[in-house]
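*Asks:* show me the folded form of this:
(one chain, ligands or ions: 1)
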Amino acid sequence: MYLVTGSTGGLGKRIVRSLRERDQAVRAFVRLTSRYGELAHRGAEIAIGDLRECRDIDRACQGVQYVISAHGSNASSGSAQAIDYRANLDLIEAAKAARVEHFVFISVLGADRGYEDAPVFKAKWAIEQALKTSGLNYTILRPSGFASNLLPLAEQFRQTGIYLLVGDPQIRTSIVSTDDLAQMAAVAPITEAARNQTYAVGGPEVLNRADIPKIFGKIFNREPIVINPPLATVDAVRTVLGLVSPAASNAIGTFRTLLANEFFCTPAETEILETQFNLKLETLESFLRRYVGIY
Ligand SMILES: NC(=O)c1ccc[n+]([C@@H]2O[C@H](COP(=O)([O-])OP(=O)(O)OC[C@H]3O[C@@H](n4cnc5c(N)ncnc54)[C@H](OP(=O)(O)O)[C@@H]3O)[C@@H](O)[C@H]2O)c1
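*Replies:* Prediction:
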């Protein structure tokens, strides 16, 4: 039995799909308020709970062989401290108590860079250390940005031709197909080479941010109109927000870190992924075409 947290999220639902396609037994940890009909329909067992509640985590881990931690803080979830940090610590403890055989943790590319202003990165780094010393078998996946994040922007572009690019257009990124990442997470527990390993996970190409509207333009056959406000705009919003909500201002720190820095994998790193997980990484253009239905 696999336990998948964050199973209603962009990545988690794809992990559940991937496991169910392989006919594996899956328990999907969900909140009562979430939309989990698709997961139940695919044959996942539904464990309703809240990751801020230790007893929900303990109960969900009963009888589980593998844990895949794919949850993350969002607008309605609780803070990075509660969800990215504390809930993962509790999950590791519960997994140990339940004698789980393998724990897969979705971290983030750059978790090891010591970004002081990014609570999510700090939580990921702390959890990586906790997992490595837990005694559990583990695989840590450190992905760059997900291709699925771009789907709403692609739909917007299809309607308007407009693409909002905040900050330096030359910054490099290797956006990963969310389906490829889900597949790696799903097979990591049964992949001998992935035991107790940490992987940088990106797509097969290093793109400049400015390449993204060009790819949209190619797919939808229209000239992109790129609106390019400087990063200082985010800083200005943050300063104003900080006056009314310090918590929201802190959360923007992670967002700003993502905008201000490069997150890409080297060819050597992607080659390791393809070899060890036995897959051919998909380009951003191919991912987008599949989802928007234009080939
Ligand atoms: N998106 C990216 O580009 C990116 C890049 C690198 C790493 N990551 C990491 O990858 C992981 C998955 O990201 P994602 O984009 O798929 O996340 P997402 O779409 O925002 O989904 C977050 C998931 O966590 C669940 N969750 C949040 N708070 C919860 C709580 N209190 N109790 C139970 N479940 C809770 C959410 O449930 P609800 O449906 O109830 O809200 C949802 O299923 C995260 O760890 C993230 O940090 C993401």
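*Asks:* tell me which residues in the helix or strand harbouring Leu131 are buried?
*Replies:* Secondary structure from DSSP states H and E places Leu131 in helix 119-132. Of all the residues in helix 119-132, those buried under the rule 16 or more other CB atoms under 10 Å are 119-125, 127-128, 130-131. Heads up, the C-betas are built off the backbone N, CA and C, glycines and all.
*Asks:* wait, which of those residues is closest to Ile252?
*Replies:* Pro119 (10.2 Å; CB to CB).
*Asks:* just checking, the closest one touches Ala82?
*Replies:* No - Pro119 lies out of contact with Ala82 (CB atoms under 8 Å); the separation is 10.6 Å.
*Asks:* what does the helix holding Leu131 contact?
*Replies:* 72-73, 79-81, 84-85, 88-89, 92, 103, 105, 107-108, 110-116, 138, 140, 142, 196, 198, 250-251, 253-254, 257 (CB atoms under 8 Å, 6 or more residues apart in numbering).
*Asks:* list buried residues within those.
*Replies:* 72-73, 79-81, 84-85, 88-89, 92, 103, 105, 107-108, 110-111, 115, 138, 140, 142, 198, 250-251, 253-254, 257.
*Asks:* now, the residues you listed that are in strands?
*Replies:* 103, 105, 138, 140, 142, 198 (DSSP state E).
*Asks:* next up, the contacts around the closest residue to the fourth one other than its chain neighbours.
*Replies:* This points to Ile140. Closest residue in space to Ile140, ignoring its immediate chain neighbours: Thr198 at 4.2 Å, by CB to CB, 6 or more residues apart in numbering. Counting by CB under 8 Å, 6+ apart, Thr198 touches 107, 128, 139-140, 142.
*Asks:* okay if I get these as TSV plus pLDDT and distance to Ile212?
*Replies:* Shown next, in TSV, are the contacts of Thr198 (pLDDT from 0 to 100; distance: CB to CB, whole Å):
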residue	pLDDT	distance to Ile212
Ser107	98	24
Glu128	98	29
Thr139	99	29
Ile140	99	27
Arg142	98	21
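*Asks:* check those residues against the ligand, which are close?
*Replies:* The subset of the contacts of Thr198 lying close to the ligand, counting by CB under 6 Å from any ligand atom, is empty.
*Asks:* and the nearest residue to Thr139 once chain neighbours are set aside, how many neighbours does it have?
*Replies:* Leaving aside its sequence neighbours, Thr139 sits nearest to Ala188 (CB to CB, 6+ apart; 3.9 Å). Using other CB atoms under 10 Å, Ala188 is surrounded by 26 other residues.
*Asks:* likewise the one 3 residues further on?
*Replies:* When counting by other CB under 10 Å, one arrives at 16 neighbours for Thr191.
*Asks:* sorry, back to before: export the contacts of Thr198 to TSV and tack on distance to Lys96?
*Replies:* Listed next are those as TSV, based on distance: CB to CB, whole Å:
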residue	distance to Lys96
Ser107	19
Glu128	16
Thr139	16
Ile140	17
Arg142	23
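*Asks:* of these, which is the nearest to Gln65?
*Replies:* The closest of these to Gln65 turns out to be Thr139 (CB to CB; 14.3 Å).
*Asks:* would you confirm that the closest one contacts Arg195?
*Replies:* Yes - using CB under 8 Å, Thr139 is in contact with Arg195, at 7.1 Å.
*Asks:* now for these two: what residues contact both?
*Replies:* His102.
*Asks:* can you tell me the element the residue nearest to Gln183 when sequence neighbours are not counted falls in?
*Replies:* Once flanking residues are discounted, Gln183 sits nearest to Ser18: 5.3 Å by CB to CB, 6+ apart. Per DSSP H and E: Ser18 is located in helix 12-21.
*Asks:* what residues sit buried inside stretch 138-151?
*Replies:* Buried residues in stretch 138-151, counted by 16+ other CB under 10 Å: 138-148, 150-151.
*Asks:* how about stretch 253-266?
*Replies:* Residues of stretch 253-266 classed as buried: 253-254, 256-265 (neighbour count, 16+ other CB under 10 Å).
*Asks:* hey, C-alpha coordinates of it in CSV?
*Replies:* Presented in CSV, the C-alpha positions along stretch 253-266 are these (Å, rounded to 0.1, in the frame of the first residue of the first chain):
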residue,chain,number,x,y,z
GLY,A,253,9.6,35.6,0.1
THR,A,254,9.4,32.1,-1.4
PHE,A,255,7.7,33.4,-4.6
ARG,A,256,10.3,36.2,-4.9
THR,A,257,13.1,33.7,-4.5
LEU,A,258,11.6,31.6,-7.4
LEU,A,259,11.5,34.7,-9.6
ALA,A,260,14.9,36.0,-8.8
ASN,A,261,17.0,32.9,-9.3
GLU,A,262,17.9,30.3,-11.8
PHE,A,263,16.6,26.7,-11.4
PHE,A,264,17.9,24.4,-14.0
CYS,A,265,19.5,20.9,-14.3
THR,A,266,22.7,20.1,-16.1
